[in-house]
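Enquirer: Compute the structure for the input listed below.
(one chain, ligands or ions: 2)
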Amino acid sequence: MARTKTKILVIDDDPKVSWILSEGLKSKFDFVSARDGVEGIQMVSTEQPDLVLLDIKMPSMNGIEVLERLNKLDDRPDVIMISGHGDTKYVVDSIKLGAAEFINKPFDVHEVEIHINGVLERGKLKREVIDLKTELEAKNAYAGFVGDSEAMEKVKGIIEQVADSELTVLIRGESGTGKEIAARSLHQLSGRRDKPFLKVNCAAIPRDLLEAELFGYEKGAFTGAHKTKQGRFELANKGTIFLDEIGDLPPELQSKLLQVLEQQEFVRVGGIHNIHVDVRIICATNRNLETAITEKGFRDDLFYRLNEITLFLPPIRQRRQDIPLLVSHFLAKYNQLYNKEFSDLSPEVMDQLTTFSWPGNVRQLENMIKQVVVRGDESIITDLIYSAAAQVAGPDMGSSPQLVATDPPGEADLSTYSLKTRVGKTVANEEKKLIAEVLNKTNWNRRKAAELLEISYRSLLYKIKDYNLNSVK
Ligand SMILES: Nc1ncnc2c1ncn2[C@@H]1O[C@H](COP(=O)(O)OP(=O)(O)OP(=O)(O)O)[C@@H](O)[C@H]1O
Ligand SMILES: [Mg+2]
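Expert: Ligands and ions are numbered 1, 2, ... in the order given. Model (predicted):
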C-alpha cells in the first residue's frame, strides 16, 4: 500500500502540542503521537514515520537522549526539535546529533508547516545524492578499502577467497577498524551483489524490538502491530544480512538464529507459519565471544556455526604503514565533499599521526582529517591527539603513555610531563574504575548501569569499548 500523505510522529509529553499540530495541519499530513521517549522510539519502528517532531524537555528520557537512540537505527527519519524557553543549551547538542531543524514553543502552525516542508525537501535531495554515491561505490567493492600493508593485503586476500561462498564469516577487530566495510566487500564480491545487503546492529535495537526487527511480526502480535511487517531476514532474501555486534544478541534470539542457520526457516513474531529464506549471514563483533561463551552469555553451538571463517581486522597501530595512504585518501575525500583545497600535511604533523596509538582506529583518523579539512588548519591535530590520548587512557596507560608508538623511543617519553595528558589520564582511570564497579554491581546490565552513572546508554557502550572493559572478573 503506497502511503499517500507524509506521516509525522510527534513525541511530546504535553498532549496539547500534537493536538494543535494535527488540528491545524491534518489536511496536509498524517499525525501520530507518543507521550514519552520510550514510546516514541518504539513508534519510530512500528509506525515508520517520515519525520519526527521531538520535544527537548520531557520527564524520564529527554529529547537529546531520544535522538541519540534514534541515531543508532540504520535509517532514521529526519528529526525536528521542539524547544521551549530555556532549552538553548541543548540546541548545540541536538545539532551535533544531527537534528534537522528547530521550532520554538509557542509556535505558529503555518510556520511549522514551512519547516516541515523544508526538511522533507532537503531529505529527499540528500537521499538522491546518497543513492547515487552508493551506486558508484558499489561498482568497486574495494573503492573505500585503503591500505597496502601486509596485514591489509592478507585481509583482502581472505575476503576474495571466501566472498563468493555460502560460508558464514565472523569479522572481528577493534572499533573503527573497518569491519563494516569488510562486510560490504564480502557482499559486493559475491554472487549476491545485486540483491540486498541489510545491516542490523544487535546492540542498538532495544531487546524487545529486536526479534520483530529481525524476523518481522504478524498483525496484532503486540500492541502497536497494526499490520503485518516483514523482518530483515525476509527483506534480505537472496542477499546478505550483516549482524553487527552479534555478541549482544539476547539468548532467546540466539536459538532462533541458530535455527535460521540450520534450516533457513523461521516464524514471524506472533505467527504460525514457517518462512523460508535464502540469506547469507555475516557478523561482526569487537567483544570477546570466547569469554561470553564461558560466562554462558553466548551459545557455543551458535558461535561455531557463525564462525566458519574468521576475518580479523588489525588495529592501525599494528599496520602503521597504512597511515600515509589513509591520510591522503581522507584528505581527498573531504576536500571533495566540502569543496576545499587543503594540501598535504607537514612532515611534523605526519609524524604525530604515524606515531599515535589510534585507539579509535581508522574512524578516529578519518574524523581528525575531516576536522583539519573543514577548519583548514593542520595545527589542531596536536590538540586533538593530546585530548584523545587523555580521554581514552586505557588499561595499559599506566605504564606506557598512549601517545608513544611501540617503535620510536626517547623523545615521546616527554609527553608524560604534559599536564593535560597527566590529568586526563587520572580522570580516565577514575572513570574506568567507577564504570567497572557499577557494571559489576548491576551484573553487567548496561542500561541500568548507564542510569546509575547518569550517562546515556550509548556513551556507556563507547566507554566500555574504549576502556576495554569486559565482564570477566
Ligand atoms: N581500510 C580503510 N580504508 C578506508 N576507510 C576505512 C578503512 N577502514 C575503516 N575505514 C573507515 O573508518 C570508519 C569506520 O569503519 P567501520 O564502520 O567499518 O568500522 P567498524 O570496525 O565497523 O567499527 P565499530 O566496531 O565501531 O562498528 C568508516 O567511515 C570507514 O569508511
Ligand atoms: Mg561497525
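
Enquirer: what domains does the record give for the protein?
Expert: The chain is divided into the following domains under automatic domain parsing: 6-131, 152-314, 317-466.

Enquirer: and residue 243, bridged to which residues?
Expert: Per DSSP bridges, the residues bridged to residue 243 are residue 200, residue 283.

Enquirer: how many other residues sit next to it?
Expert: By the criterion of other CB atoms under 10 Å, residue 243 has 24 neighbours. C-beta: built from backbone N, CA, C; applies to glycine.

Enquirer: which residues touch it?
Expert: Applying CB atoms under 8 Å, 6 or more residues apart in numbering to residue 243 gives the contacts 200, 202, 249, 257, 281, 282, 283, 284.

Enquirer: residue boundaries of the strands in the stretch 51-200 of the chain?
Expert: 51-55, 78-83, 101-104, 169-172, 197-201 (DSSP state E, counting those that start in this stretch).

Enquirer: Looking at those, which one is packed in the most?
Expert: strand 51-55 (a mean of 26; mean count of other CB atoms under 10 Å).

Enquirer: Which strands and helices lie in contact with the host helix or strand of residue 385?
Expert: Remark: residue 385 resides in helix 380-391, with elements defined by DSSP states H and E. Helix 380-391 sits against helix 347-355, helix 361-375, helix 419-441, with contacts defined as 3 or more CB pairs under 8 Å, 6 or more residues apart in numbering; DSSP states H and E.

Enquirer: would CSV of those helices with mean pLDDT, distance to ligand 2 and mean neighbour count be doable?
Expert: Below are the helices and strands packed on helix 380-391 laid out as CSV (pLDDT from 0 to 100; distance: least, CB to the ion, whole Å; neighbours: other CB atoms under 10 Å):
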stretch, mean pLDDT, distance to ligand 2, mean neighbour count
helix 347-355, 92, 22, 16
helix 361-375, 93, 9, 19
helix 419-441, 78, 22, 16
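
Enquirer: could you give the angle of the lowest-mean-pLDDT helix or strand in the chain to helix 380-391?
Expert: When the helices and strands of the chain are scored by mean pLDDT, DSSP states H and E, helix 419-441 comes last with a mean of 78. Counting by axes from the mean of the first three to the mean of the last three CA atoms, to 10 degrees, helix 419-441 lies at 40 degrees to helix 380-391.

Enquirer: circling back to that earlier point, weakest of the strands of the stretch 51-200 of the chain in terms of mean pLDDT?
Expert: Averaging pLDDT over each of the strands of the stretch 51-200 of the chain singles out strand 101-104 as the lowest, with a mean of 88.

Enquirer: And that strand, what does it pack against?
Expert: For strand 101-104, the packing partners by 3+ CB pairs under 8 Å, 6+ apart are strand 78-83, helix 109-139.

Enquirer: out of these, which comes closest to residue 26?
Expert: helix 109-139 (10.5 Å; CB to CB).
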